[in-house]
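> Build me a model:
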Amino acid sequence: MVWWSQIGVMKIRIVLAVAAFLSVLISTSCSSSSDTRPADGVIDKPQNNAVLHSSELFAGWAAQPSGIESVAIYADGQFVVNAAVSGSRPDVVKALPQYQASMVSGWNAAVDTSHMTVGPHVFTAKIKTKSGVEKDLVVRASVAR
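This is a model prediction of the structure:
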């Protein structure tokens, strides 16, 4: 009779070990901090081929499972400004509810174009995720006086 109880204890230990292993496996595979997928995102403002005057609002959204670290705005490859990231975007959370902080995935920045030459320019929103993955969103616009 003793050996039956020892087998029962062994079964319990095996079940507990398997459960612990599966718990670690699931938490590792669901961990968003190591997600290497690029972010999803859009530049909402300005639109492609827009005409910009002096100071312009650049705005959009960025989301990724690990979360967004930063959004930086560049003009013709030169850093201009870091965008504020935390704007409310109910449309994004509705479309991407699985993404961490998708409710506050909006970003915006005031870009001073008064010092830029008149004519066409390439503006880039460089998105960096919390897992270190970067993605560029590009819009072409012209500066006018």
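
> Could you list everything the nearest residue to residue 72 once chain neighbours are set aside pairs with in the sheet?
With sequence-adjacent residues excluded and distances taken as Cβ to Cβ, 6 or more residues apart in numbering, residue 72 is closest to residue 126, at 4.7 Å. Any C-beta I mention is one placed from the backbone N, CA and C, and that applies to glycine too. As for beta bridges, residue 126 partners with residue 72, residue 136 under DSSP bridges.

> what about residue 126, neighbour count?
If you count neighbours by other Cβ atoms under 10 Å, residue 126 ends up with 17.

> quick one, what contacts it?
Residue 126 makes contact with 71, 72, 73, 74, 134, 135, 136, according to Cβ atoms under 8 Å, 6 or more residues apart in numbering.

> Residue 98: helix or strand, and which one exactly?
Counting by DSSP states H and E, there is no helix or strand that carries residue 98.

> residue contacts, the closest residue to it other than its chain neighbours?
If the residues on either side of it in the chain are set aside, residue 98 comes closest to residue 65, at 6.8 Å by Cβ to Cβ, 6+ apart. By Cβ under 8 Å, 6+ apart, residue 65 lies in contact with 32, 35, 37, 98, 99, 100.
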